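1. sequence unknown, structure follows:
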């Protein structure tokens, strides 16, 4: 079964702590994404990665950074977490790059982060 | 400003009934439109993608329409099952290239009761 795996599923951190969210995919997809989902809002794009070490900011990159050293693995890092970063974070991947109708989007099950 | 509006916000139907979910958007350009299903606590799963100026798709009990002139899409679910309980998310892709972005609606929460 082709899939995107996110770890951990649930995380509680104190304000000011560093946070590492991990994402892996087994489909050799070039493009990977990090989104956050908040109640009443659509998913918001944090970062896109087009391939290893080829990352671009999305719509809400402030307070986040990413790392992609292997095609199958994409990490989201929060340096000094803030309470307004409490959210559900989704990782996704696609084969044909972003935007196209033929892009085969696969989403992970999400990481629920609570910053207290 | 929200560029993808979905209605209703939530909907309760009895098993076996049909339902229609609406999506209006202002995204320009509008290369394609996708409907995703999100089960509680899970990721998004693609149901269908619409591309043409006036498009229709069918995927089992799910059927969808797109009218790019009206910037409007509908998702029809026929003979609902309890497993259809989920949030349905409308997503507009603004380009068919690596420069494109996906614009997400907030979703319609569908609850199917026995």
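-> That came through, no problem. This is a predicted model, so every value here is computed, not measured. Numbers count the residues shown, from 1 in each chain, chains lettered A, B, ... in the order given.
2. so for the helix or strand hosting residue A:23, mean pLDDT?
-> Using DSSP states H and E, residue A:23 maps to strand A:19-25. Mean per-residue pLDDT for strand A:19-25: 97.
3. now swap in stretch A:3-16 and tell me
-> The model assigns stretch A:3-16 a mean pLDDT of 96.
4. buried ones in that stretch, by neighbour count?
-> A:4, A:6, A:11, A:13 (16 or more other CB atoms under 10 Å in any protein chain shown). No exception for glycine: its C-beta is placed from N, CA and C like everyone else's.
5. tell me the pLDDT at the nearest residue to the first one once chain neighbours are set aside?
-> Read it as residue A:4. Spatial nearest neighbour of residue A:4, chain neighbours left out: residue A:108 (4.0 Å); criterion: CB to CB, 6 or more residues apart in numbering or on different chains. Model confidence at residue A:108, given as pLDDT, is 95.
6. residue A:108 contacts residue B:43, correct?
-> Yes. In this structure, residue A:108 is within contact of residue B:43 by CB atoms under 8 Å, at 5.3 Å.
7. that older thread, format the buried residues of stretch A:3-16 as a markdown table; extra columns: distance to residue A:58.
-> As requested, the buried residues of stretch A:3-16 are exported to a markdown table (distance: CB to CB, whole Å):
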| residue | distance to residue A:58 |
| --- | --- |
| A:4 | 17 |
| A:6 | 17 |
| A:11 | 21 |
| A:13 | 22 |
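8. wait, which of the residues you listed is closest to chain B?
-> Nearest to chain B among these is residue A:4, at 7.3 Å by CB to the nearest CB.
9. now do the contacts for the closest one.
-> A:23, A:24, A:25, A:91, A:92, A:93, A:106, A:107, A:108, B:43 (CB atoms under 8 Å, 6 or more residues apart in numbering or on different chains).
10. restricted to buried residues, select the residues you listed in ChimeraX.
-> Buried members of those, defined by 16+ other CB under 10 Å, are picked up in ChimeraX with:
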select /A:23,24,25,91,92,93,106,107,108 /B:43
